[in-house]
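Asks: got a structure for you, letters missing:
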């Protein structure tokens, strides 16, 4: 039986609830042998994860999840096998993180205008790592008694199109793919679901996209079949994972359920050597 891989995991360095050590322990209990920590705009967990993974016999593929904007729509890109110490990457992430703080301040400002007395300090208190995002704001809203649940915070205030929503500053898809490539990595379109249209997928392929995240909790069997077809037609790579965050994201049981075989990871390695 092939080893199981989960190439989409988050820690407290972005919007996950687990420390790096807790995540490695959970991955070990789930029987995973290859994982990629793909925190949003952060590579802070990777060095520690590599050392902890050696103790558990788990291979850690350096990864990241970046956001890009196409025609006003945000799409997420995964980078695998990146050089996470690359100076260009680190400089870009510093810019992203500053922009995340500015966006959080704008969202808090909108909430205040709606008579929701949230403070930016209470939001930052929820941030354990390097990147602040809407999940931290949602948690602060719940902890402050302003909403009853995490999902109510999104549905009522900060979800896409809701009154306190603020667009995040992002690269274009082409710039994101280029950055991942410059770090020696492979670029994948993350969890495209039904919202990503074919014209964007073809634009990404033309820009040098390496693959698509086919296996994901949000993908039905029909969507998996559809994206496998695109992967095969355009000689792309496939990836997959649980998109595990933990906590209120209700994915505590997803580790070990959304996986790809090690042979798929080997195909990625071969692509690296031919690039």
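Replies: Sure thing, it's come through. Just so it is clear, the structure is predicted and the values come from calculations on it, not from any experiment.

Asks: Okay, now the unreliable bits of the protein?
Replies: 248-253, 275 (pLDDT under 70).

Asks: The same query, at a cut-off of 80, please.
Replies: For the chain, applying pLDDT under 80 flags the ranges 1, 71-73, 128-131, 168-170, 247-253, 274-275.

Asks: all strands of it, in order?
Replies: Using DSSP state E, the strands of the chain run over residues 4-9, 32-37, 59-70, 73-80, 186-189, 211-215, 237-240, 260-261.

Asks: wait, which of the ones you listed is closest to residue 166?
Replies: Shortest separation from residue 166 across these is recorded for strand 73-80, at 11.6 Å, computed as CB to CB. In this view, the C-beta of every residue, glycine as well, is placed from N, C-alpha and C.

Asks: Partner strands of the closest one, with direction?
Replies: Paired strands of strand 73-80, with direction, are strand 59-70 (antiparallel), strand 186-189 (antiparallel) (DSSP bridges).

Asks: Tell me where the chain has helices.
Replies: For the chain, applying DSSP state H gives helices covering 20-29, 46-56, 87-113, 120-124, 134-143, 150-153, 173-182, 198-206, 221-233, 262-274.

Asks: Would you reformat these as CSV and include distance to residue 76 and mean neighbour count?
Replies: Written out in CSV, the entries for the helices of the chain read as follows (distance: least, CB to CB, whole Å; neighbours: other CB atoms under 10 Å):
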stretch, distance to residue 76, mean neighbour count
helix 20-29, 19, 19
helix 46-56, 18, 17
helix 87-113, 13, 16
helix 120-124, 22, 17
helix 134-143, 13, 22
helix 150-153, 19, 18
helix 173-182, 9, 20
helix 198-206, 12, 15
helix 221-233, 15, 14
helix 262-274, 18, 14
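
Asks: export those helices to CSV and tack on distance to residue 191?
Replies: What follows is the helices of the chain, written out as CSV (distance: least, CB to CB, whole Å):
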stretch, distance to residue 191
helix 20-29, 19
helix 46-56, 21
helix 87-113, 19
helix 120-124, 25
helix 134-143, 16
helix 150-153, 18
helix 173-182, 15
helix 198-206, 13
helix 221-233, 10
helix 262-274, 17
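
Asks: To residue 239, which of these lies closest?
Replies: The closest of the helices of the chain to residue 239 is helix 262-274. By CB to CB, the value is 7.1 Å.

Asks: now that closest one and strand 73-80, what's the angle there?
Replies: With axes from the mean of the first three to the mean of the last three CA atoms, to 10 degrees applied, the angle from helix 262-274 to strand 73-80 works out at 90 degrees.

Asks: domains of the chain?
Replies: Following automatic domain parsing, the chain resolves into domains at 4-87+173-274, 93-158.

Asks: Now distance to residue 167 too, for the ones you listed, in JSON lines please.
Replies: As requested, the domains of the chain are exported to JSON lines (distance: least, CB to CB, whole Å):
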{"stretch": "domain 4-87+173-274", "distance to residue 167": "8"}
{"stretch": "domain 93-158", "distance to residue 167": "8"}
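
Asks: nearest to residue 165, of the ones you listed?
Replies: Across the domains of the chain, residue 165 has its closest neighbour in domain 93-158 (5.9 Å, CB to CB).

Asks: Can you give the distance from stretch 63-80 to the centre of its chain?
Replies: Computed by CA atoms, centre = their mean, to the nearest Å, the chain-centroid distance of stretch 63-80 equals 8 Å.

Asks: any idea how far residue 91 is from the residue lying closest to residue 208 once chain neighbours are set aside?
Replies: Excluding the flanking residues, the one nearest residue 208 by CB to CB, 6 or more residues apart in numbering is residue 177, at 5.2 Å. In this view, residue 177 and residue 91 are 18 Å apart by CB to CB, to the nearest Å.

Asks: Run through who's touching stretch 126-145.
Replies: Contact with stretch 126-145 is made by 11-15, 19, 39-42, 44-45, 93, 96-97, 100-101, 104, 107-108, 111, 116-118, 122-125, 147-150, 153-154, 157-158, 245, 248-249, as judged by CB atoms under 8 Å, 6 or more residues apart in numbering.

Asks: circling back to that earlier point, pipe the strands of the chain into CSV and attach distance to residue 139 per row.
Replies: Listed next are the strands of the chain as CSV, based on distance: least, CB to CB, whole Å:
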stretch, distance to residue 139
strand 4-9, 19
strand 32-37, 20
strand 59-70, 19
strand 73-80, 20
strand 186-189, 28
strand 211-215, 26
strand 237-240, 27
strand 260-261, 30
